[in-house]
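[1] Quick one: sequence plus predicted model below, questions after.
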Amino acid sequence: MKQGKGLKFPNFNAIQVISSAIDEMNSPTDEQAALIRITLEGRKMSYPDRYDQENLLNLHKAKMSLEQAIDLLSQ
């Protein structure tokens, strides 16, 4: 890593892009948070609403993963 070869940390600009994506994703509304909570409990809506339910959960997971990535890169 010290030689700048192979796996290396992203530069500051790349980390800012990830942070911007997190900011753009915003925070869930109270209703969305409730739906995420019941989805994590394993409760599923009927089709076609289940598609939106799964998309919301995937978006939530993606945001959490990006936040975790920023935390790991900032250590």
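    Thanks, I have it. It should be emphasised that the depicted structure is a prediction, and the values quoted were computed from it without experimental measurement.

[2] Now do the helices in this structure.
    Taking DSSP state H, the helices of the chain run over residues 12-25, 30-40, 49-73.

[3] In the last one, which residues are buried?
    Read it as helix 49-73. For helix 49-73, the buried set under the neighbour-count rule, 16 or more other CB atoms under 10 Å, comprises 53, 56, 60, 63. Quick note: C-beta positions are derived from backbone N, CA and C, even for glycine.

[4] Please produce a markdown table containing those residues, extended by pLDDT and distance to Asn13.
    Formatted as a markdown table, these follow (pLDDT from 0 to 100; distance: CB to CB, whole Å):
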| residue | pLDDT | distance to Asn13 |
| --- | --- | --- |
| Gln53 | 97 | 35 |
| Leu56 | 97 | 30 |
| His60 | 97 | 26 |
| Lys63 | 97 | 21 |
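
[5] between those residues, which is nearest Phe9?
    Minimum separation from Phe9 among the buried residues of helix 49-73 (CB to CB) is found for Lys63, which lies at 21.6 Å.

[6] That'll do, ta.
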